[in-house]
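[1] Quick one: sequence plus predicted model below, questions after.
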Amino acid sequence: MATSFIDTADYQYLYSTVRIDGVTSSNTFVSGTGFYFNFVESDTVDLIAIVTNRHVFENVIEARIKIILIDDKGVSHDTNPLIKDIKDLDKKVIYHPDPTVDLCAIPIAEIIDPAKDIPKGWQLCLYAYSKADLLTEKELNELSAVEDILMIGYPDGLMDEVNNKPIIKKGITSTHIKLDYENEKIFLIDIYTFEGSSGSPILLHKYGVFDLEEDTYIGRRTRFLGVLYAGHDTTIEGELIRTPIKNIQRPAINVNMHIGFVLKAERLSELGDEIVKKSA
């Protein structure tokens, strides 16, 4: 079924992510979340990539994604997406230059061949975050200790399979975004994380009446804050441990504490420098 594309900010976010389904060398199936980010945005060129966690692609030899297309009449074909199988991942994935930072990306140009994959006059129907979606220094300084946030992705691989839409979850920040938790470029959120949530974008979400720049506003305001990469579990012995959000389903005895670890958006800038360098 085709639907008219609704060009509003919150609706666009439904087109900002893709579920990454992969298979490992041991023939194990995995699932994670990827999102679009435009690292070079100008009047003449874009450099859009699918960003996710480094650990999502660990040991994965082949992955599959589905991308919605929009036709020459501005109608999006949500139920009939373009299906792309990505092989030779080791040649396509670009990792953050610091191996301890759980981020990587695949440029869209490495996946899509417009001449073969997209009908004439059609285009990809996606929303790519960019620098314009990030907090300014002034906005960062105006944030409260507790803010409402959204997480967009595929917890436990769950999605609207018919309409190819992600799942949106709402929570709050657990540490002040302005602070570096434990002296790392991360912050914590109060939200239940599942297998498959790895790589989910985390958005600041203000809706209704809110204060900004010493004035009161009515409406909606969102900003890109970072990338979910881990959850906080407690073992049955009561020991607190930080663990990557598993993208492989397996029995576990850990109890999720509803705490997620988020890489700050500035880590994307570092990854972007690496992508631009290797794409030159």
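    Sure, I can see it. It should be emphasised that the depicted structure is a prediction, and the values quoted were computed from it without experimental measurement.
[2] mind listing the helices in the protein by residue range?
    9-12, 89-92, 114-117, 137-141, 266-279 (DSSP state H).
[3] where does the stretch 1-150 of the chain have low pLDDT?
    Residue ranges of the stretch 1-150 of the chain with pLDDT under 70: 1-10, 43-44.
[4] contacting residues around residue 98?
    Contacts for residue 98 (Cβ atoms under 8 Å, 6 or more residues apart in numbering) come out as residue 270. (Glycine included, C-beta is placed from N, CA and C.)
[5] picking that back up, please identify the deepest-packed of the helices of the chain.
    helix 266-279 (a mean of 16; mean count of other Cβ atoms under 10 Å).
[6] residues in contact with that one?
    Residues external to helix 266-279 that are found in contact with it (Cβ under 8 Å, 6+ apart): 37, 39-40, 47, 49, 51, 94-98, 101, 103-105, 107, 109, 185, 226-227.
[7] Show me which of the residues you listed are buried.
    37, 39-40, 47, 49, 51, 94, 96, 101, 103-105, 107, 185, 226-227 (16 or more other Cβ atoms under 10 Å).
[8] Quick check: bridge partners of residue 52?
    residue 104 (DSSP bridges).
[9] Among the buried ones among the contacts of helix 266-279, which are located in strands?
    Those of the buried ones among the contacts of helix 266-279 mapping onto strands are 37, 39-40, 47, 49, 51, 94, 104-105, 107, 226-227, per DSSP state E.
[10] Tell me how this protein divides into domains.
    Following automatic domain parsing, the chain resolves into domains at 3-130+268-279, 133-266.
[11] For residue 105, give me its contacts.
    Applying Cβ under 8 Å, 6+ apart, we find residue 105 in contact with 37, 49-52, 93-94, 271, 275.
[12] Check the residues you listed against residue 207 and report the nearest one.
    Nearest to residue 207 among these is residue 37, at 23.5 Å by Cβ to Cβ.
[13] which residues pair with that closest one across the strands?
    Beta bridges link residue 37 to residue 49, residue 129 when assigned by DSSP bridges.
[14] One more: residue 62?
    Judged by DSSP bridges, the bridge partners of residue 62 are residue 23.
[15] Residue 109 versus that one, what's the distance?
    For residue 62, the distance to residue 109 equals 19 Å [Cβ to Cβ, to the nearest Å].
[16] Over to residue 59?
    Counting by Cβ to Cβ - residue 59 and residue 109 are separated by 25 Å.
[17] and if you look at residue 32?
    21 Å.
[18] What of residue 133?
    Distance, residue 133 to residue 109, using Cβ to Cβ: 21 Å.
[19] Find the pair from the buried ones among the contacts of helix 266-279 with maximum spatial separation.
    Within the buried ones among the contacts of helix 266-279, 107 and 185 form the most distant pair, 23.3 Å apart (Cβ to Cβ).
[20] Distance to residue 125 for the helices of the chain - can I get that in CSV?
    Formatted as CSV, the helices of the chain follow (distance: least, Cβ to Cβ, whole Å):
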stretch, distance to residue 125
helix 9-12, 10
helix 89-92, 22
helix 114-117, 13
helix 137-141, 29
helix 266-279, 23
